[in-house]
Every structure is written in structure tokens, then in C-alpha cells.
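[1] sequence plus the predicted model coming up.
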2 protein chains.
Amino acid sequence: MNQSDRSARVRLVDVARAAGVSKTTVSDALNGTGRLPAATREHVQRVARSLGYRPNATARLLRAGHTRLIGVAAREHVETPWVYAELAYFVQLVTATTRAALVHGYGVVLLPTTGPGDCWLDMPLDGVFVVDPVEGDPMVGDFLAAGVPVVSDRRALKEVASGTKEAGRWVDFDYGSAARQVLDHLEDAGAERVAVVAAATTACFHQQSVDAYLDWCAERGREPRIAYLQGPGIQNVLDAVEGLIDDADALFTLVEGSPALLLDTIRKFGRSVPDDLLLVCTTEDPTALYTDPPVSTLSYLPDETAQAAVALLVDSIEGRAGDHGRLFSADFQIRASSVAPGRGPARRTAASPLTPG
Amino acid sequence: MNQSDRSARVRLVDVARAAGVSKTTVSDALNGTGRLPAATREHVQRVARSLGYRPNATARLLRAGHTRLIGVAAREHVETPWVYAELAYFVQLVTATTRAALVHGYGVVLLPTTGPGDCWLDMPLDGVFVVDPVEGDPMVGDFLAAGVPVVSDRRALKEVASGTKEAGRWVDFDYGSAARQVLDHLEDAGAERVAVVAAATTACFHQQSVDAYLDWCAERGREPRIAYLQGPGIQNVLDAVEGLIDDADALFTLVEGSPALLLDTIRKFGRSVPDDLLLVCTTEDPTALYTDPPVSTLSYLPDETAQAAVALLVDSIEGRAGDHGRLFSADFQIRASSVAPGRGPARRTAASPLTPG
DNA sequence: TATTCGTGAAGGAACGTTCCTGCACAAGGG
DNA sequence: CCCTTGTGCAGGAACGTTCCTTCACGAATA
């Protein structure tokens, strides 16, 4: 099948033969290396161009010993379920990773998180960024064992720390305390029955957030109000809200859903934000700024995270010492949707602007 | 720097030496090829595992002659400007491409559409999918000249058709007639002053859509009402709407913007959808179904497009004949936002459902 | 004139696989 | 006992680059 292509492809030696010089000369002429007079250089370049020669990327990479390719495993981005549930976050993360990688001279491969065995190891990667791994994620361990530098969640790295010489570097959030920050804010704003919408996944972020919520409730002797998504898509988010709304005076979503649509849905059930229901969304969706009222958001800074991850990964790949990891703080933007009217700004976060500039 | 890693890496020969067998035997034992007794096979596998051997992906690829990697150039996805303007479409396209590629056993590399010269040619790709290329897109020509199979817009392929032996395959929409379909629908629904929001780019989709709109207006002797985005982000979309709204009785957006937010904005200007302003959005945002009223959408089927593109690309890569291209029709879903009340369903599209199931 | 020196270019070893070819040896059939 | 057949494995050539080493040769120097 591919034979015709294979043999038709002009190689370095073909150029060499056609130009009447050696492989070395062709290589030097085209790469600007070696010591060649301009005449020879131009002659070779002309011949190469006339033959339509293009160097074989794989061969150069083998020679070079690196591929300048990093993998990004964004579990929820590629796998079918939950695609929409967390869309904006993963999209921004992947996009920012690609951009950051480009700056460092690397390309990005979107890794399948599902798939047969360790098929990802067949890809010629210099390093991998495993975003928000699930519990006992096999990818992290596989790559580390294969000697491929990994950047991921600190917790995921710890799990496989034993037995691998290379530790892997991390980019982390303290998801638990971010959730607490939101919960405390809602409590300060007067909420007594905070409900949470979560996804049914073992991803670090969800697990830690939910655990923090449960602890927070337990500390206060309150009964947790939590709804798990039954499937992907907006409808499931709205359904989850529906199941919680009657018995809550504040809503904290851990999954992405259109802020505007959430407000619509809440309104449909006869509730009003923020008058008798406070709302905070974990989301990267910028529309939260423009709704009426603007919605308070908890952001996990995909741009910053991606940049840090790539920087750490590249350091690791290129053998520089650098940091072992970076700990970020989530960005909690308090807006009108979670400030009870007449109460003024909440105590602990009084410095934050209530409305966007 | 990297030398320690380099020399530390266990190679096939190291396993061979340690196991007291030849390279061939190791290769056969690990790949399940050749004729070896189970004992030898297991012995080699044990030694390989104990040394932590992982085959070098690049070397296998060189040997194999292919990389099982395809590139996706989604211009607007990675480049900074307009990132948000067309988000959902590109996201779904890239995601669907990744998924489809995986099914065929290929990985996906996100290609930089900006960057020095032809840096993309350094990547070891078996094929490329160039999404919605701009006019005179260099990538298409570069890859075709390099003998790398390309799937792209038919128009972009035509531009560079001369001189390259391989033609490239295409996945196409008739953007013009899709736009006309929407415009005709709006006219049928009673609109006389249809305004359009467009992005300032030379991407095929935008150019052809705008051209169709201008022609459509000219045919009717109507003055075109068109606003170009001044920059990325939702705010610019809303600003564009603001500039058009006073003088229009129908709005057709060619750029993605949150349907819910568009409705809010329109309402803010004292207009009402669909009573005195009809609205159709080009978007993949599923929230359009859930707004009040639900918003009519024109979808360019990213999932179907991606699947077809990957299938064509894989055929091309693996030397199968297959189709030269696939022409799709955009999916126009008429909902309440573009049906004037009391007028009943529009003539030409009476069969389409007015509300989602 | 014999020795350096710099320039221009060729030869060939790597990079780490896969896989084609072929050898040694044992078992079976004539 | 010789010839075939099959099994178990080793050797080494590819894949297409890059780059280190070597070499020839003319000019400048001693």
C-alpha cells in the first residue's frame, strides 16, 4: 500500500547523488552547519528544492534524542462522559498548555485517557502533563516508570512515588481550602443550608472538594445536601439543581454549567438570586460576569496552571533543576449572586469587588 | 545535561546482554513475534521488566515508517485573538477529531498556526487536518509539498493544487447557501432589515458567509447591516450587537456568543425576541436549547465533520483510494427566537420543529 | 623545499528499533 | 547413514538523519 509513497519520497542521499556531493555536505548545506562556501550551499539548496526534498522528521528526532513533543492527558476532555460538565476549564487548560508549549518550542499531543493498556507509551513524547488525574491513575505511573518526565497533581505522584527514581513534578491547588473559602463566605452571607452539585468521578478535584464539604458540614452538625450528576450535558446539571433547590438557601456548583442558564432555572422554580438563594459557580465561563446578577465564581486558573506546568515539564525534560512544584490558590471572585442584599459585603472577603470593573 | 538520562536509559541491547540472548530474541519475545519457546519468552520478559526496559518510541516509528500521529491545525483555537469568539465550535471539532483519530489508532497533535516559518514540518506527522484555513494558508501548501496527506477546505486545496502530485482531500460546507438559508428564513418570517455580526478574518467560513450576505442584500436592493468584531471576548460580541440593534428587525450572528447573554443584551436595549427582533445564532453552544425563548441555531456539525475528516485522512495515509471529499450541509434548527409570533411557521422550513424535543 | 595551517568535503558510525537471512542442531523418513 | 524438515536463535542490514573523524589540497610560513 504505502510502498509507492515510501519509495517515492526523496531522501537525503537522493539529493546528495543528484547534486554530486556527499550526505554530509547536503546536511550541512541545508542546516547551515559545517564550513561550506556559499556556492556549494546554494547549489545543494537548489537541487534539494527542485527535487522537493523534505527531511524525515522521525529520523531527525531519533538522532536528536528528543521529540519536542509533550502529551496532555485531560481526562474529561476527550472521554465521552462529562465532556460538557467541565468543558471550559479543560478547554482553556489545553489551549493554554499548547500556547505555553509553543513558546518553549514544544508541540502538544492530546492523549487518550481511555484505550487499550498503555497505548500512550507508544507515542514519542518528551514529557507528559496529566491534568486532574483520577485515583490510582495508571498514566502517571506508566510514564514515570518509562522514564518520561511527568507533571501532575501532587497527590497522584505520591501514590506511585515508590520504586521510581524520577519523582515527577507537580502543579497543585488546595482544593479543600478553596471549597471551604466559598462555604465560609456563604455562611457569612447568611446561608444555613448550602447545597452542592458535584460530578460522580474520582478526579482529585472533585474528591477533595466533596470531602471538604462533608467535613465542613460535619463540623457544624449540618446535614450535607449534595447532588451528583447523572450524566453529561447541561440538562443533568439543571436536573441536579432541581433536586436541591427546595431545601437550600445557597447553591455551590462544583461542575461547569452556564451561569445564565442556572439563573434561569433557579428563577423558574420561583427562587430569586441573591434574595433567597445565594449562588457560587466553579467555572471558567466568562459569561458569569455579564449575567443579571453577575455570578460569583471560583476559578482554578487554567492559564496560570498550564504555564507553570509546561515550565516545570520543560525544566525536567531539559535536565534543569528548577522547582519541584507550584502550589496555586484558586481565584474566588465574589459578585452579586452570593451577597445577600442589605447585608453588605461579607466579613472575611470584604476587600473583593462586588461587581466587575 | 541530558547525558545522564540518555545513558541511563535501558535499551534493547541491554536487555539482550542481561538475558544472555540476542537483540532479535528480545524483540521477538516482547512483541510476540518469531518462534520462541514459552520459557525463553518469559525469561526475557522477566529480565526486561526487572531492568525497567521500555522501547524507544521514536526508533520504532522510524523503523515502521509511520508515526500514527495526525496534526490538527485549528487556527482560532490556539492563536490568541478570537479565541473565545468561536470557541465551542473548535473545541468540539478538536475533541471529536481526537476521539475519531483514537478509534483509527492515531494520536492527535495540536498544531501551532502561528510560529516561525514552517516549524510545523518538523513534527513527525502522518497527516494533517487544517480546519477552516485562512486565505492562502501556508500550512496546506507546505504539507502537501512535503508529501504529507492533508484534509482541509476544498477551496484552500484548490489554491495550491498546481505543482503538487498529491491533491489532498476535503471536508466542506457550502457556507454561502447555509447563510442564504438562514437569511431566506428570516425574510419569510417577515424581517426586512437583517443585520449580521461577523469576525474580521479571512477564514473560509467567514468570507463565504459574509459574501453570501452581501450578495443576498444586493439582490434585494437592501443595504447591508454588518458589524465586525473589534476583538476577542464576549464583550466585543455584545458591543457589535449594540451597534446594530437599533436599525434591525433580525439578527444573524456568524460568531459564537452565549445565546443567553445575547438575549439579555437585546432585552436590555428594550427589544424583545422574537416579537420585534428575530435571532439566529451560528453556534455549537447547547444552551441555545434552554434559553427563553429557545434560540434558532446554525450548526456546522463539528462531530460529523471531524469523523469524516479523520476517515478521509486515514484512507489517504494508508494508501486506500476512498472518496476525495465529503460535502456537508449545515444544520439549521429553527426555534422560537426566529419565528414571529402569530405568523406561524415559516414557509420554506415548515417541517422543522419549532421547539426541541 | 619541507612544514604547517585552514578550507572544503567525504566516509562512516551512531540513534534504537524491526525483520530478513541463515546457521546449528535434533528428529524423522527413506 | 544421508537427506529433509522444523525449531531455536544469532547476525546484521535496514529506516534517514546528524555529526565526528579523516583526508586532500592549496596557500602561507619557516
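    Thanks, I have it. Residues are numbered from 1 along each chain as shown, chains lettered A, B, ... in the order given.

[2] residues in contact with whichever residue of chain A sits closest to DNA strand D?
    Nearest residue of chain A to DNA strand D: residue A:12, at 2.9 Å (CB to the nearest atom of the strand). Any C-beta I mention is one placed from the backbone N, CA and C, and that applies to glycine too. With contact set as CB atoms under 8 Å, 6 or more residues apart in numbering or on different chains, residue A:12 has these partners: A:23, A:26-27, A:53, A:55.

[3] what about 7 Å?
    When contacts are counted by CB atoms under 7 Å, 6 or more residues apart in numbering or on different chains, residue A:12 is found next to A:23, A:26-27.

[4] hmm, which of the residues you listed are the buried ones?
    Taking 16 or more other CB atoms under 10 Å in any protein chain shown as the criterion, what is buried in those is A:26-27.

[5] same for chain B: which of the contacts of residue A:12 are within range?
    Among the contacts of residue A:12, no residue lies close to chain B (CB under 7 Å from any CB of the partner chain).

[6] quick one, strands of chain A?
    A:69-74, A:107-110, A:127-131, A:150-152, A:169-173, A:194-198, A:225-228, A:250-253, A:278-282, A:296-299, A:325-328, A:331-333 (DSSP state E).

[7] of all those, which one is nearest residue A:47?
    When the strands of chain A are ranked by distance to residue A:47, counting by CB to CB, first place goes to strand A:107-110 at 29.6 Å.

[8] burial measure for residue A:207, as a count.
    17 (other CB atoms under 10 Å in any protein chain shown).

[9] and the closest residue to it other than its chain neighbours, its phi and psi?
    If the residues on either side of it in the chain are set aside, residue A:207 comes closest to residue A:135, at 7.0 Å by CB to CB, 6 or more residues apart in numbering or on different chains. With angles defined as degrees, to the nearest 10, residue A:135 sits at phi -60, psi 130.

[10] so, low pLDDT: which residues of the stretch 151-300 of chain A?
    Within the stretch 151-300 of chain A, the segments meeting pLDDT under 70 span A:161-166.

[11] interface residues of it facing chain B?
    Applying CB under 7 Å from any CB, we find that the stretch 151-300 of chain A lies next to chain B at A:234, A:258, A:260-261, A:264, A:286-287, A:290, A:292.

[12] now, of the strands of chain A, which is deepest in the fold?
    strand A:150-152 (a mean of 29; mean count of other CB atoms under 10 Å in any protein chain shown).

[13] show me which residues of the stretch 1-150 of chain A are close to DNA strand C?
    A:20-25, A:34-37, A:40, A:59, A:62-63, A:65 (CB under 7 Å from any atom of the strand).

[14] tell me which of those fall in helices.
    Judged by DSSP state H, the subset of those located in helices is A:23-25, A:40, A:59, A:62-63.

[15] if any of the residues you listed are buried, put those into a PyMOL selection.
    Typed into PyMOL, the line below selects the buried ones among those, using 16+ other CB under 10 Å:
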select buried, chain A and resi 25+40+62
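
[16] so of the ones in helices among the residues of the stretch 1-150 of chain A next to DNA strand C, which two are at opposite extremes in space?
    A:40 and A:62 (27.0 Å).

[17] so what's residue A:96 up against?
    A:302-303, A:306-307.

[18] quick check: residue A:234 touching residue B:285?
    No: Residue A:234 is not in contact with residue B:285 according to CB atoms under 7 Å; the separation is 9.7 Å.

[19] re the thing from before, same for DNA strand D: which of the ones in helices among the residues of the stretch 1-150 of chain A next to DNA strand C are within range?
    Counting by CB under 7 Å from any atom of the strand, A:23-24, A:59, A:62-63 from these sit close to DNA strand D.

[20] turn those into TSV, including pLDDT.
    Shown next, in TSV, are those (pLDDT from 0 to 100):
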residue	pLDDT
A:23	95
A:24	95
A:59	97
A:62	96
A:63	95
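
[21] on that earlier part again, of the contacts of residue A:96, list those near chain B.
    Filtering those for proximity to chain B (criterion: CB under 7 Å from any CB) leaves nothing.

[22] dump these into CSV; add distance to residue A:70, pLDDT and neighbour count as well.
    Listed next are those as CSV, based on distance: CB to CB, whole Å; pLDDT from 0 to 100; neighbours: other CB atoms under 10 Å in any protein chain shown:
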residue, distance to residue A:70, pLDDT, neighbour count
A:302, 16, 93, 20
A:303, 17, 93, 16
A:306, 11, 96, 24
A:307, 13, 97, 20
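
[23] and the one residue sitting closest to the centre of chain A, what does it touch?
    For chain A, residue A:93 is the residue whose C-alpha lies nearest the centre (CA atoms, centre = their mean; 3.8 Å). If you count contacts by CB under 7 Å, 6+ apart, residue A:93 has them with A:74, A:131, A:302, A:305-306.

[24] try residue A:243
    If you count contacts by CB under 7 Å, 6+ apart, residue A:243 has them with residue A:227.

[25] likewise the one 4 residues further on?
    With contacts defined as CB under 7 Å, 6+ apart, residue A:247 is in contact with A:193, A:225.

[26] what do you get for residue A:107?
    Neighbouring residues of residue A:107 by CB under 7 Å, 6+ apart: A:68-69, A:101, B:109, B:123.

[27] farthest-apart pair in those residues, please.
    A:101 and B:123 (12.0 Å).

[28] more crowded one of these two?
    residue A:101 (28 against 22).

[29] thinking the more buried one is in contact with residue A:108, fair?
    Yes: using CB under 7 Å, residue A:101 is in contact with residue A:108, at 4.9 Å.

[30] who touches both of the two?
    Contact criterion CB under 7 Å, 6+ apart; residues shared by residue A:101 and residue A:108: residue A:70.

[31] show me what contacts residue A:14?
    residue A:51.

[32] mind checking pLDDT for the residue nearest to the centre of chain A?
    Residue A:93 carries a pLDDT value of 90.

[33] could the residues of the stretch 151-300 of chain A next to chain B go into CSV alongside neighbour count?
    Shown next, in CSV, are these (neighbours: other CB atoms under 10 Å in any protein chain shown):
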residue, neighbour count
A:234, 21
A:258, 30
A:260, 25
A:261, 25
A:264, 18
A:286, 19
A:287, 22
A:290, 19
A:292, 14
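
[34] just put these in TSV and tack on distance to residue B:274.
    Converted to TSV, these look like this (distance: CB to CB, whole Å):
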residue	distance to residue B:274
A:234	22
A:258	21
A:260	19
A:261	19
A:264	17
A:286	27
A:287	22
A:290	22
A:292	21
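
[35] ok, of those residues, which one's closest to chain B?
    Nearest to chain B among these: residue A:260, at 3.4 Å, using CB to the nearest CB.

[36] excluding covalently adjacent residues, which one is nearest to the closest one?
    With CB to CB, 6+ apart, the residue lying closest to residue A:260 is residue B:260, at 3.4 Å.

[37] lovely, talk soon.
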